[in-house]
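**Student:** pasted the sequence and its predicted model underneath.
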Amino acid sequence: MNSVEGKVAFVTGAARGQGRSHAIELARAGADIIALDIAHDEPGLGLGYPLGSAEELAQTAKEVEALDRRVLTFEADVRDSDALAAAVQAGVDEFGRLDIVVGNAGIATSSVPAHEITDERWAQMLDINLTGVWKTCRAAIPHLIAGGRGGSIVLTSSMAALHVYPGIAAYSAAKHGVIGIMKTMASELAQHSIRVNSVHPTQVNTPMVQNDETYRIFRPDLEKPGRADFEEASASLHALPVALAEPLDISKAVVFLASDDARLITGVTLPIDAGISVK
């Protein structure tokens, strides 16, 4: 079930969190991995948490290698088209093929009313979370087509594209845009047997979520909400009795969509939401 044996997967945002989990689970299912991450912090982004590090990206590689799979790592920004293209080309040169693309890299946001978001913060959110996804796909798609074997692209969106969360308009807009990219590419690439889908996680237990900025988004009524306050609010959104998803919960869905078991699934927005959609 869900085998991707002998295939090669390109995963962005692979240093930690969901991206690391996706790389490891794809490797566990038999894929070799091209793992990319910015792998250094950028204080100018104004995030409430540090970005992944070179050491964390190296740890991802160690965990993939421990599964007896090959891995190449690249430190690059998904806003950098040339760096993305070079990384994918180097991976294809090394492994001889490309079959799976997981456009996962992204950043979170602080809680700000839509009319108070600055030009700079709006632009950086869309540059990374939307344009970065498109640039990732643009770098990879020619290799998928040239391989002549079909392929699978899985894009990380969010429940913020399917459910209203006040205070995160730029993030929500970017994640809505990912759906537009996904559906258009699913139509355009079907003739090449390349499937394109998006996953829409609820809150996931990663550093991007477990920080004070996110806690304030979910508990704006409190001056200094803590983790317990956040998790209580998060749980209240879910029909299932859980506060958070784990990265592995999302990775299992990614591996399924990447595998031949999902060979007739394309153009789908898959919620992994603990029942937000039905509550």
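**Tutor:** Received, thanks. Bear in mind that the values here come from a model prediction, so they are computed numbers and not experimental data.
**Student:** residues touching Met152, list them.
**Tutor:** One thing to correct before we go on: residue 152 is Ser, not Met. Asp99, Ile100, Val101, Ile194, Arg195, Val196, Asn197, Leu257, Ala258, Ser259, Ala262 (Cβ atoms under 8 Å, 6 or more residues apart in numbering). From N, CA and C alone the C-beta is placed, and that goes for glycine too.
**Student:** any idea how far the first one lies from Glu213?
**Tutor:** For Asp99, the distance to Glu213 under the criterion Cβ to Cβ, to the nearest Å works out to 36 Å.
**Student:** which one of those two has more residues nearby?
**Tutor:** Asp99 (22 against 16; other Cβ atoms under 10 Å).
**Student:** who touches the residue nearest the centre of the chain in this structure?
**Tutor:** Most central in the chain under Cα atoms, centre = their mean is Asn104, positioned 2.0 Å from the mean C-alpha point. Counting by Cβ under 8 Å, 6+ apart, Asn104 touches Val11, Thr12, Gly13, Ala14, Gln18, Gly19, His22, Thr156.
**Student:** and for the second one, the neighbour number?
**Tutor:** By that I understand Thr12. Close neighbours of Thr12, defined as other Cβ under 10 Å, add up to 32.
**Student:** tell me the contacts of it?
**Tutor:** Gly19, Leu36, Asp37, Val78, Val102, Gly103, Asn104, Ala105, Gly132, Thr136.
**Student:** tell me which of these is nearest to Lys252?
**Tutor:** Ranked by distance to Lys252 (Cβ to Cβ), these are led by Val102 at 13.2 Å.
**Student:** neighbours of that closest one, how many?
**Tutor:** 31.
**Student:** one more: the one 10 residues further on?
**Tutor:** Other residues within reach of Val112, judged by other Cβ under 10 Å, total 16.
**Student:** could you do the one 10 residues further on as well?
**Tutor:** With neighbours defined by other Cβ under 10 Å, the count for Trp122 comes to 16.
**Student:** check which helix or strand it maps to.
**Tutor:** Applying DSSP states H and E as the criterion places Trp122 in helix 119-126.
**Student:** buried residues, that helix. List them.
**Tutor:** For helix 119-126, the neighbour count (16 or more other Cβ atoms under 10 Å) marks Arg121, Trp122, Gln124, Met125, Leu126 as buried.
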